[in-house]
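Q: here is a sequence with its predicted model. Questions after.
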Amino acid sequence: MNMSASPRIAVVLPCYNEEAAIAETVAGFRAALPQAAIYVFDNNSRDRTVELARSAGAVVRNERQQGKGHVVRRMFADVDADVYVMADGDLTYDPKAAPEMVRMLLAEQLDMVVGTRQHEVADAYRGGHVLGNRLFTSLLSGLFGRSFTDIFSGYRVFSRRFVKSFPVLSAGFEIETEMSVHALELRMPVGEIATAYGARPEGSASKLSTYRDGWRILKTIGTLYRIERPVLFYGGIGALLMVAAVLLAIPLVVTYLDTGLVPRFPTAILVTGMTIVAVLCFFAGLILDTVTRGRREVRRLAYLSQPVPDVAEK
């Protein structure tokens, strides 16, 4: 399929109470990508977000289930395009960076380009979020072997292959983490590009909760690690139990060798139980690894079934 002449580009903007910024955000992407269709997916806003988005020329759709993950699931399911540009509707991301991100995706045949945030305004990025981003990025790299510079960036450009093979499971702001792991697990070609990140306009408030969303993201990383790396996850639990059982068993063995008796039956029973559970954990990891491989193959086949834009060299 040759789509080099005019790939269909869709700008998708998840929104919740963004009346202070949505019109300007739509106008910015309209100017940066005049050939793109712009969609605003409203998530139960109680202000004038829908009205202003329509007035600015965007196609407005609604998602009733609250949470960014639900909105992304709906966007990816409903919108049909060759290239997807996702950003927030709060004007913090620079629309002028979108053409270069799209060019990079098409020219290098990538499946995702992440706009890594470069902030110069103190109010743009809370200090705790900077530290949290670095910690979670390092954690993701340690667990999955590699990572991105900014795993929480909401400014991303996707290929159709990524969007239509991505089984969105998250409900909230942990969706960016799930996207990153999906790309890493399927070994997709990805890229990053530095983009400006600004402060919200007056009247616009962040919906992030530092501790609540941080905890949800941590749980998501743990869940994804358990699902995608079952041998290491359950094997690690089994190894810890086995080490504890051996440490508890050493005094019992020494006593038995000296006296021929096992006087501490409760400890012996505990050691036996821990050893059995450790072995079960190990085999559970092996069995689940087979299941994970099957799931990964299905996702890979869904990924490969999508057409690739054929971008001619100029």
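A: Thanks, I have the structure now.
Q: residue boundaries of the strands in the protein?
A: Here the chain has its strands, by DSSP state E, at 9-15, 37-42, 59-62, 83-86, 112-119, 156-159, 190-197.
Q: how about the helices of the stretch 51-200 of the chain, start to end?
A: With DSSP state H, counting those that start in this stretch as the criterion, the stretch 51-200 of the chain has helices at 68-78, 98-107, 127-144, 160-163, 175-185.
Q: what residues sit buried inside the fourth one?
A: Right, helix 160-163. 160, 161, 162, 163 (16 or more other Cβ atoms under 10 Å). Yep, even glycine has a C-beta here, placed from its N, CA and C like the rest.
Q: what is the nearest of the residues you listed to residue 131?
A: residue 162 (29.1 Å; Cβ to Cβ).
Q: from residue 7, how far out is the residue lying closest to that closest one once chain neighbours are set aside?
A: Closest residue to residue 162 apart from its sequence neighbours, by Cβ to Cβ, 6 or more residues apart in numbering: residue 111 at 4.4 Å. Distance, residue 111 to residue 7, by Cβ to Cβ, to the nearest Å: 14 Å.
Q: before we move on, what about residue 141?
A: Going from residue 141 to residue 7 by Cβ to Cβ gives 32 Å.
Q: which one's more surrounded, these two?
A: More crowded of residue 141 and residue 7, by other Cβ atoms under 10 Å: residue 7, with 19 against 14.
Q: and the gap between the residue lying closest to that one once chain neighbours are set aside and residue 189?
A: Among residues not flanking residue 7 along the chain, residue 82 sits closest, at 4.1 Å (Cβ to Cβ, 6+ apart). Residue 82 is 16 Å from residue 189, where distance means Cβ to Cβ.
Q: tell me the buried residues in the longest helix seen in the chain?
A: Secondary structure of the chain read by DSSP state H shows that its longest helix is helix 265-304. For helix 265-304, the neighbour count (16+ other Cβ under 10 Å) marks 271, 274-275, 277-278, 281-282, 284-285, 288-289, 292, 299, 303 as buried.
Q: and if you look at stretch 188-195?
A: Quick answer for stretch 188-195 (16+ other Cβ under 10 Å): 188, 190, 192, 193, 195.
Q: surely the first one and residue 113 touch.
A: Going back to what we said before, that points to residue 188. No - in this structure, residue 188 is not within contact of residue 113 by Cβ atoms under 8 Å, at 11.1 Å.
Q: ok, now which ones touch the residue nearest to residue 162?
A: Residue 111 is in contact with 105, 158, 159, 161, 162, 183, 188, 189, 190, 303, counting by Cβ atoms under 8 Å, 6 or more residues apart in numbering.
Q: ok, residue 52 - how many residues close by?
A: For residue 52, the neighbour count with other Cβ under 10 Å is 23.
Q: the nearest residue to it once chain neighbours are set aside: neighbour count?
A: Closest residue to residue 52 apart from its sequence neighbours, by Cβ to Cβ, 6+ apart: residue 23 at 4.6 Å. For residue 23, the count of nearby residues is 22 (other Cβ under 10 Å).
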